[in-house]
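1. the sequence and its predicted three-dimensional model are supplied below.
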Number of protein chains: 2
Amino acid sequence: MSVMYNRVALIGLGLIASSMHWAMKRGGLAGEVTGYARSEETRETARRIGLCDRVCDSAAEAVEGADLVVLCVPVGVMGAVAAEIKDALAAGATVTDVGSVKRDVIAAVGPHIPENVHFIPGHPMAGTEYSGPESGFAELFDDRWCFLVPVEDTCPDAIAKLRAYWEALGSNVEEMDAEHHDLVVAVTSHAPHLIAYTMVGVADDLRRVTDSEVIKFSAGGFRDFTRIAASDPTMWRDVFLTNKDATLEILGRFTEELFALQRAIRTGDGDHLFDYFTRTRAIRRSIIDAGQDTDAPNFGRTGTPKS
Amino acid sequence: MSVMYNRVALIGLGLIASSMHWAMKRGGLAGEVTGYARSEETRETARRIGLCDRVCDSAAEAVEGADLVVLCVPVGVMGAVAAEIKDALAAGATVTDVGSVKRDVIAAVGPHIPENVHFIPGHPMAGTEYSGPESGFAELFDDRWCFLVPVEDTCPDAIAKLRAYWEALGSNVEEMDAEHHDLVVAVTSHAPHLIAYTMVGVADDLRRVTDSEVIKFSAGGFRDFTRIAASDPTMWRDVFLTNKDATLEILGRFTEELFALQRAIRTGDGDHLFDYFTRTRAIRRSIIDAGQDTDAPNFGRTGTPKS
Ligand SMILES: NC(=O)c1ccc[n+]([C@@H]2O[C@H](COP(=O)([O-])OP(=O)(O)OC[C@H]3O[C@@H](n4cnc5c(N)ncnc54)[C@H](OP(=O)(O)O)[C@@H]3O)[C@@H](O)[C@H]2O)c1
Ligand SMILES: NC(=O)c1ccc[n+]([C@@H]2O[C@H](COP(=O)([O-])OP(=O)(O)OC[C@H]3O[C@@H](n4cnc5c(N)ncnc54)[C@H](OP(=O)(O)O)[C@@H]3O)[C@@H](O)[C@H]2O)c1
């Protein structure tokens, strides 16, 4: 593949940025990749492992002369980072972000973007439970979806170019508006994460079942929750605080349904339970057919764990 | 390995029974394995794939002359199956079961067991989201835990023999009483399953986000819930109806915590969220250290799905 942007600046050097870097290198998509992270420690790590062609000591320095700037920081600091770089942005550059929430990020970042710069919010729907500069890998975005959430009056050519770039990184691209985006991710990601965090917290907290029992006997379902609940606390705090309305709406619906199922258990209404569980089974099949998961039992975990 | 029981009868020929069969064959643990399932269709499938040395047309016939009988049916029918076989049981035989709930199964099965037969309830903490005679594999129990829940005055030699048998099937064995067992599995398995079922039901039910969106964008966390929520409806209906008290207790605690986290989101209490998420992260590490899961990101799913 050929170079799509001459200089790409990655601000924040965690899981998403490092995966973008390796995917860009795999495809030869960028002339030069510059990078910046808040801490000296992360910048040092990046230099050591060859993450970015050039690691800069300020965000402003990293974005100088870049034709694509990608904000890869937690959503709660997107606005502050945009303020830091705004005077250093090149005319005609595109600024995008990878934040998991869009309405709030648009409100925080939008006002800092100069007239002559394109701002095209984005969100790759891909991640793992690991974070930091060493957690990335080139394949993270392959066959995953990436949302683009253009704001009004954005130049169509700039959007088309960013779309082609994400496709070259391996993703399928879907455009939607910010409000709908935030609701879709509240259902498919944010509410599931909060619920998993809650369940793991409850287990950790019970007096009559010890932590070591919870850990030993986790293979019955609980361990799948712990993977999700191992995700980065800063990122997720920010997600819930900034996608408050949609998350609370879904959690409200969830609580209603949970109460109905609890009532069915209490009253011994087996038919209600059976019908409910039959319906949810079909969704799994569709996800596998859509290529969004493996159909190997237990995600292909064999009976013998790795360690 | 050498033969541990001369004849093992498997009643019910689904995931657990078929996995036990292949694991017995792997280890050469049984002289002969007989089997029975309710439907002609399942018995035919079993004959076709070589599941059991002999597939019988009644449960009573299958248990005749067996020194180990394993009840591998949903917990709601354990009592009825025990009544069916009680007159055919050989003196000195051991009857065990693999049901996910113990207090209720003991109450249902116990009264049918003749004086001269050992009854030692069990529960292998291993499973997948698949069911039926063709879903089993020899490695299912490797490095997983198996609970034995002996009732009062059981012959220690019979327990020791059953323990050695489960170890030969690949498991680690833990003894505990029925009440504690039911609470431990309510936390590590039953409540997580109900919560996953609920979340998948909510997603399926939303008007403003379509099913196809839920499916397309499931990689953000939701798909891990769908795997759990694809488990067999009959089995899980029975589990919740028979482990009612412990499940409702845990769900009560869960709802409390969820409300506290919802309040933190609503009031913008980031510290509460951050602290909670930091605490839950540690549990994941312990589960991996305990060999109960793989630490490959995303359970080792690569960016490229299988299909
Ligand atoms: N992880 C996922 O599953 C996932 C999926 C899709 C989208 N996202 C979104 O992607 C973004 C990044 O997530 P991630 O998983 O890559 O996070 P991560 O691995 O935790 O990395 C975050 C990076 O941001 C840097 N950072 C934090 N505050 C900063 C500031 N004020 N100025 C400059 N750099 C700062 C951190 O620097 P230090 O290392 O120096 O602290 C770190 O390099 C988030 O907005 C998240 O919502 C994440
Ligand atoms: N799956 C798990 O993850 C898991 C884990 C640990 C323990 N368990 C426990 O193991 C037991 C079996 O589960 P499984 O997953 O192996 O189930 P499964 O794959 O659905 O198989 C159940 C078997 O029971 C048979 N059956 C049902 N009612 C019967 C009756 N009245 N008489 C005779 N046979 C009958 C079925 O016969 P047909 O095929 O003819 O209908 C089928 O062969 C359950 O008690 C469950 O709680 C399951």
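-> Happy to help now that I have it. Bear in mind the structure is a predicted one, so any value in this text is a computation, not a measurement. Ligands and ions are numbered 1, 2, ... in the order given.
2. what does the stretch 201-307 of chain A have sitting close to ligand 1?
-> Taking Cβ under 6 Å from any ligand atom as the criterion, the stretch 201-307 of chain A approaches ligand 1 at residues A:232, A:235, A:239. (Each C-beta comes from the backbone N, C-alpha and C, glycine too.)
3. quick one: pLDDT of the first one?
-> A:Asp232 is assigned 94 on the pLDDT scale.
4. wait, it sits on A:Ser131?
-> Yes. The pair A:Asp232 / A:Ser131 is scored as a contact, 4.2 Å apart, by Cβ atoms under 8 Å.
5. any idea of the pLDDT on the residue in chain A that ligand 2 sits nearest to?
-> The shortest separation between chain A and ligand 2 is 7.2 Å, found at A:Gly220 (distances taken as Cβ to the nearest ligand atom). Looking at A:Gly220, its pLDDT is 86.
6. A:Ala229 too?
-> At A:Ala229, the pLDDT value in this model is 90.
7. shaky segments in the stretch 201-307 of chain A?
-> With pLDDT under 70 as the threshold, the stretch 201-307 of chain A has low-confidence stretches at A:302-307.
8. the helices in it, which residues?
-> Counting by DSSP state H, counting those that start in this stretch, the stretch 201-307 of chain A has these helices, from start to end: A:211-216, A:222-228, A:233-242, A:244-267, A:270-289.
9. so which of those has the densest surroundings on average?
-> Here the criterion is mean neighbour count by mean count of other Cβ atoms under 10 Å in any protein chain shown, and of these the winner is helix A:222-228, at a mean of 27.
10. tell me which residues are up against it.
-> Contact partners of helix A:222-228, identified using Cβ atoms under 8 Å, 6 or more residues apart in numbering or on different chains, comprise A:129, A:192-193, A:196-197, A:199-200, A:203, A:214, A:218, B:187-189, B:192, B:221, B:224-225, B:227-228, B:280, B:283-284, B:287, B:292-293, B:298-299.
11. just the C-alpha atoms of that helix, please, in PDB.
-> Once non-C-alpha atoms are left out, helix A:222-228 reads as follows in PDB (Å, rounded to 0.1, in the frame of the first residue of the first chain):
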ATOM      1  CA  PHE A 222     -17.300 -15.400  36.200                       C
ATOM      2  CA  ARG A 223     -13.900 -15.300  34.600                       C
ATOM      3  CA  ASP A 224     -15.400 -13.900  31.400                       C
ATOM      4  CA  PHE A 225     -16.600 -10.900  33.400                       C
ATOM      5  CA  THR A 226     -13.200 -10.400  35.000                       C
ATOM      6  CA  ARG A 227     -11.600  -9.900  31.600                       C
ATOM      7  CA  ILE A 228     -13.800  -7.000  30.900                       C
END
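12. whether that helix contacts ligand 2 - can you check?
-> No. Among the residues of helix A:222-228, none lie within reach of ligand 2 under Cβ under 6 Å from any ligand atom; the closest is 12.7 Å away.
13. would you list the helices of the stretch 201-307 of chain A in a markdown table and tack on distance to A:Cys52?
-> Conversion of these to a markdown table gives the following (distance: least, Cβ to Cβ, whole Å):
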| stretch | distance to A:Cys52 |
| --- | --- |
| helix A:211-216 | 38 |
| helix A:222-228 | 29 |
| helix A:233-242 | 21 |
| helix A:244-267 | 33 |
| helix A:270-289 | 35 |
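14. domain ranges for chain A, per the record?
-> Each structural domain of chain A that the record assigns through automatic domain parsing is listed here as a residue range: A:5-176, A:180-268.
15. nearest residue to A:Gly300 other than its sequence neighbours?
-> For A:Gly300, ignoring the flanking residues on the chain, the nearest one in space by Cβ to Cβ, 6 or more residues apart in numbering or on different chains is A:Thr294 at 5.6 Å.
16. thinking the one you found is in contact with B:Asn298, fair?
-> No. Counting by Cβ under 8 Å, no contact exists between A:Thr294 and B:Asn298, whose distance comes to 9.8 Å.
17. identify the contacts common to these two.
-> In contact with both A:Thr294 and B:Asn298: no residue, using Cβ under 8 Å, 6+ apart.
18. list the contacts for A:Arg163?
-> A:148, A:173, A:175.
19. state the phi and psi torsions of A:Gly99.
-> Reported as degrees, to the nearest 10, the phi and psi values for A:Gly99 are phi -60, psi 150.
20. is it in contact with A:Leu71, as I believe?
-> Yes. With contact defined as Cβ under 8 Å, A:Gly99 reaches A:Leu71; the gap is 7.1 Å.
21. what sits in contact with each of those two?
-> Listed contacts common to A:Gly99 and A:Leu71 are A:Met78; contacts here mean Cβ under 8 Å, 6+ apart.
22. number of nearby residues for A:Arg47?
-> 14 (other Cβ atoms under 10 Å in any protein chain shown).
23. does stretch A:63-79 come close to ligand 1?
-> Yes. Counting by Cβ under 6 Å from any ligand atom, contacts between stretch A:63-79 and ligand 1 involve A:72-75, A:77.
24. turn these into JSON lines, including secondary structure, pLDDT and neighbour count.
-> Formatted as JSON lines, the entries for those read as follows, by DSSP: H, G, I helix; E, B strand; the rest coil; pLDDT from 0 to 100; neighbours: other Cβ atoms under 10 Å in any protein chain shown:
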{"residue": "A:Cys72", "secondary structure": "coil", "pLDDT": "98", "neighbour count": "25"}
{"residue": "A:Val73", "secondary structure": "coil", "pLDDT": "98", "neighbour count": "26"}
{"residue": "A:Pro74", "secondary structure": "coil", "pLDDT": "98", "neighbour count": "19"}
{"residue": "A:Val75", "secondary structure": "helix", "pLDDT": "98", "neighbour count": "26"}
{"residue": "A:Val77", "secondary structure": "helix", "pLDDT": "98", "neighbour count": "18"}
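25. could those go into TSV alongside distance to ligand 2?
-> Shown next, in TSV, are the residues of stretch A:63-79 next to ligand 1 (distance: Cβ to the nearest ligand atom, whole Å):
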residue	distance to ligand 2
A:Cys72	39
A:Val73	41
A:Pro74	38
A:Val75	38
A:Val77	43
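26. now, which of these sits nearest chain B?
-> Using Cβ to the nearest Cβ, A:Pro74 comes nearest to chain B of the residues of stretch A:63-79 next to ligand 1, at 11.1 Å.
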